[in-house]
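Asks: all I have is the shape, not the residue letters:
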C-alpha cells in the first residue's frame, strides 16, 4: 500500500453504566497502546449523565482523579453523528456566536465501554447507522451476550454446556415472591447465585445459602435490572477464563487463566481495583493448571461459543469447571473484557500494541464484509404509490 | 422618436438571436475563437436570410417612397420589416439544449448590456444626424438596427469579455473553496488521464475500490478544472466519508492537467491511452503525450503510477523512470514477455461473447491469477479493467475480491451499453466520443450479433486533425466488414468513410447517407425487425 495518513481511532470510554470507572481505565489502556506514528487517537468520554466530550486532556488518566476533567481547556462537547456523510464526531454541535462546530472524521471507533449503553448493542447500533467501522461485536452479538438469560438460551441451542437456571421479571417478583422462592427451592439445592440478567463485573450478584438470603439477594438484584436469574452454585469448582479474538471465520483462543480467589468469590473491588493495573494483578494462575486435553477442549468451546453468539473482535469467556467430576459450564461471555484481557494474550506473544492493531484490522475487515451487501436498491415503488395515491397502494389499486 | 422605436425592435430581435446563439457559444465551451470559427464555417449561420430580406425590402420601399413628406408609411413599413426580422425561426432538432447556468446568465447579461450600449449609440447617431428627408432617417435607423441584429455573435463575444474579470474572480473563489474542502477531508487522490477510456476506467475503479474503501469519483465525465471543482464543492462540502477521491483529468491544451493536479494533487496516477483524440487542438501526438505526462510528473516521489504498457507513447512515459513505483498492464504481452519487460499485470485467454468479456488476469511477479468475467463488452475494456486491478490490488484488496466486484460491473451510460427494445431489436449505444481504439472494439461487438441485420449508424469521428481522414477511412473499411447495413449521418465529415466503403464490395444499396439522427432512427424503425441489431457509434455535438 502506498503512504497513508495516520488512521484516526476514536476510543469511547466512561458511559452511562455502573462500570463507568472501569471503562475509564480500560479506555486509557487502549489509548496508550496505539503507536503514534500510524494512528491518531481521539478520546471520547461519555460522562455518567450521558454527555459526550472530546479533547486532548481526556487522554491523560490523571485528569480523571477529581471531577474537574470536563472543565479543562480543550475539552469540548461532541456527538457522534448518525449521518453517514459526517463519518465521525461533530464537535461543538450546538455552536453559538463564539464557537464553531466542526466535524472530526473517524476511520474507526474503539468502544471501551462496559455494561449498559455501550457493551449492550446500543452504541453499536449508532455506529451501524453512522456506517463507521468499529471494534468488537456488532449489534446482535453485543446485545445477546449482554443478557445472561438470552446467552444461555443461544448456547444451549448450540450444544454448549451451561448451568441450569430459573428466571423471572421484576414485576413478577414484586407480585409473586413467595411462589418464585418456592419454585426455586423445589428445583435447586442451595447454595444459589442470584444475578441481574444484564450486568457484568459481579455487580448486583449475590450468593444465597438459605431461602431468606435468597429473598434478600433477589431484592438487591432487582435494583439493578428488570430481569433476574437464579442458578445453583457450582461448589468447589474452579473458574477458568479464556479470551477469543477474530472475525468472520478466523478465530483464535488465548492461554487459559485460573483466578484463584474463586471460592471467596470476587467482589467488584477485588476484580478491578487491586493494584494499579486493573485486573492484571488480581491473583491468578496463568496458564491454568489443567490437562492439555481439557485446555484444548475449553479453547475449542470458547471459539464455538463466540461464533454461536455472532461474536467478533474480542471476548473473555468464563467457565466453571470441576475437573474431578468431569463437569464444565460456560458461565459468561464478556465482549468488552476489562483491560482487553491483555494479560492473557501476552502469554501468546501479543503486545498490547499488537492486540489493538489486530482488533482495528478485524473492525475494518468486518466493515468491508458489510460493504458487500447492497443497500441501495432502486425501486419505482414510491413513484407507483404516488401515482395510485397512498390509500390504493395495496389491494384496491 | 420613430428611429428609437425602430432600433428598439431590432434590439429585441438581436436579443432573441443572442439567446439562440448562446447555445452554440456554450457548446463551444465559451471560447470566442472556436465559436466564431464555427459561425463563419457556413455563411448562412452568420447571415440569416429572412432578416436580410426583410431589411432590404424595407429599406428599398422607404427609399422608393421617400419623397412622400409627412407620410407615416415608410416608418410603418420599416416597423413591419423589423418585426418580421425579429421573430425567431422555427426551432430544429437540438441534441444538447441550452443549459441555463449562472455563468450563462452572466454572459447573457453582458451581451445584452453590450448590445444595448450599441443601440444607444445608434439612437444617438440617428437623432443627431441631419437628413434630407424623414425617409432617410427611417432608412438609417433600419440599417443600424439590422447591423445591431447582425452583430449578435459579436455582442456575445463582447459580453463574455465584459464579464471576464468577474468570471475570473468567481473562478478563483470557487477553486479556493474546492481546495479548502479537499484539504479538510484529506482523501487519497487517484488521477486518471488519457485520450480515451478515462470515464469508463473511473467508474470501474470506483465500483471496485468500494469493496473496501469509501470511494468518490467525479460524476459523468467531469474532467476539467472547473468540472472537478464543481464536483468537490457540490458533493463533498459536508461529506467526510471518502477515503479515496478519483479525479478524471482531461486536456485540450498543455498545462490544463497541471492545473487540475494543483487542485487535486494525485497520490496515484493512471494513464489509459495516448491517441489522436483532440489532435486538432493539440497539434501533435507528442504534445498530447506531454500533456498527459503532466499527471505523472505531479506525483510525489513515493506516489504510484499505473500505465497501459500496450501504448507506445505510454511506454515512453514508463521509460522516464518516475516515480519509483511504476505499475504497468498489458493485454498484448505474454507472461514471458512481461517478465522481461517489467510489466506488472497481463491478461491472457481473452474471449468476448454477447454475454460479456472473460480473461485471466495474472500478477506477473507473484504468479497469482484469477479468472475475470464481466457483462461489460468491448476488448479495450480489458485494458481498463487491468488498470483498475493494478490499483485495487496495490491498495490492499485481494484478487479474489476484485474479481467478485468486476462480475457486478455495468457499462457506463452511452458506452457500449446494449439493450433490447420491446420490438426485439438490440440497440448498442456507444454514442459518446468515439475514438479509433473504441471504434474497433465497438464494431467487433457488432460482429458478434449474428441473428439478423447489423446496422451501423455513425456520423464518423471528428477533431482528429491531420489523422481524421485516414482514421475515418479505416472506420469505413472495418464498417464494411462488420455491418450489413450502414447509415452515415451528414455529408461533409463522412465523405472519407463513404469513399472507403465504396472501395469495398459492400452492397451499395444497403448504404445510406441521411441528414439527421432522427432520420436514421426513423429508418431503422421502418426497416429492422426482431433479432436485428443497431450500433450507434459516436454522436456529434450540434455544432457539426
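Replies: All right, it came through fine. These numbers come from a predicted model, not from an experiment.

Asks: quick check: closest non-adjacent residue to the closest residue to chain B within the stretch 251-397 of chain A.
Replies: When scored by CB to the nearest CB, the stretch 251-397 of chain A has residue A:368 as its residue closest to chain B, at 4.5 Å. Yep, even glycine has a C-beta here, placed from its N, CA and C like the rest. The shortest distance from residue A:368 to any non-neighbouring residue, by CB to CB, 6 or more residues apart in numbering or on different chains, is to residue B:212 (4.5 Å).

Asks: roughly how far does that neighbour sit from residue A:370?
Replies: 11 Å (CB to CB, to the nearest Å).

Asks: and for residue A:137?
Replies: Taking CB to CB, one finds residue A:137 at 14 Å from residue A:370.

Asks: next: residue A:11.
Replies: The separation that residue A:11 has from residue A:370, given CB to CB, amounts to 22 Å.

Asks: more neighbours, the two?
Replies: Set side by side, residue A:11 and residue A:370 show more neighbours around residue A:11, with 27 against 13, by other CB atoms under 10 Å in any protein chain shown.

Asks: and whatever residue of the stretch 201-350 of chain A ends up closest to chain B, backbone torsions?
Replies: Closest approach between the stretch 201-350 of chain A and chain B, counting by CB to the nearest CB: residue A:248, at 12.8 Å. Dihedral angles of residue A:248 (phi, psi; degrees, to the nearest 10) stand at phi 60, psi -110.

Asks: for residue B:106, which non-adjacent residue is closest in space?
Replies: residue B:163 (5.0 Å).

Asks: can you name every helix or strand that the strand or helix carrying that neighbour contacts?
Replies: For residue B:163, the element it lies in under DSSP states H and E is helix B:152-185. Using 3 or more CB pairs under 8 Å, 6 or more residues apart in numbering or on different chains; DSSP states H and E, the elements in contact with helix B:152-185 are helix B:2-27, helix B:32-40, helix B:102-128, helix B:225-231, helix B:256-263.

Asks: which positions within that helix qualify as buried?
Replies: B:152-160, B:162-163, B:167, B:174-175, B:178-179, B:181-182, B:185 (16 or more other CB atoms under 10 Å in any protein chain shown).

Asks: for stretch A:27-34, same thing?
Replies: Here stretch A:27-34 shows A:27-31, A:33-34 as buried, counting by 16+ other CB under 10 Å.

Asks: and stretch B:58-67, by the same measure?
Replies: B:58-59, B:61-62, B:66.

Asks: what about chain A: which of the residues you listed touch it?
Replies: For chain A, no contacts are drawn from the buried residues of stretch B:58-67 by CB under 8 Å from any CB of the partner chain.

Asks: which residues sit in contact with the residue nearest to residue A:210 when sequence neighbours are not counted?
Replies: Of all residues not flanking residue A:210 in the chain, residue A:190 sits nearest, at 6.6 Å (CB to CB, 6+ apart). For residue A:190, the contacting residues are A:208-210, A:214, by CB atoms under 8 Å, 6 or more residues apart in numbering or on different chains.

Asks: kindly recompute the last result at 10 Å.
Replies: A:184, A:207-211, A:213-214, A:232-233, A:235 (CB atoms under 10 Å, 6 or more residues apart in numbering or on different chains).

Asks: any regions of chain B where pLDDT drops low?
Replies: B:66-70, B:93, B:132, B:411-415, B:431-434, B:540-544 (pLDDT under 70).

Asks: interface residues of it facing chain A?
Replies: Contact residues, chain B versus chain A (CB under 10 Å from any CB of the partner chain): B:184-188, B:210-214, B:235-243, B:267-268, B:299-300, B:302-304, B:323, B:325, B:391, B:394-397, B:401, B:404-405, B:408.

Asks: which members of the residues you listed are positioned in helices?
Replies: B:184-185, B:391, B:394, B:401, B:404-405 (DSSP state H).

Asks: can you pick out the most distant pair from the residues you listed?
Replies: B:184 and B:404 (33.2 Å; CB to CB).

Asks: for chain A, what's its nearest residue on the stretch 51-200 of chain B.
Replies: For the stretch 51-200 of chain B, CB to the nearest CB, closest residue to chain A: residue B:186, 5.6 Å.
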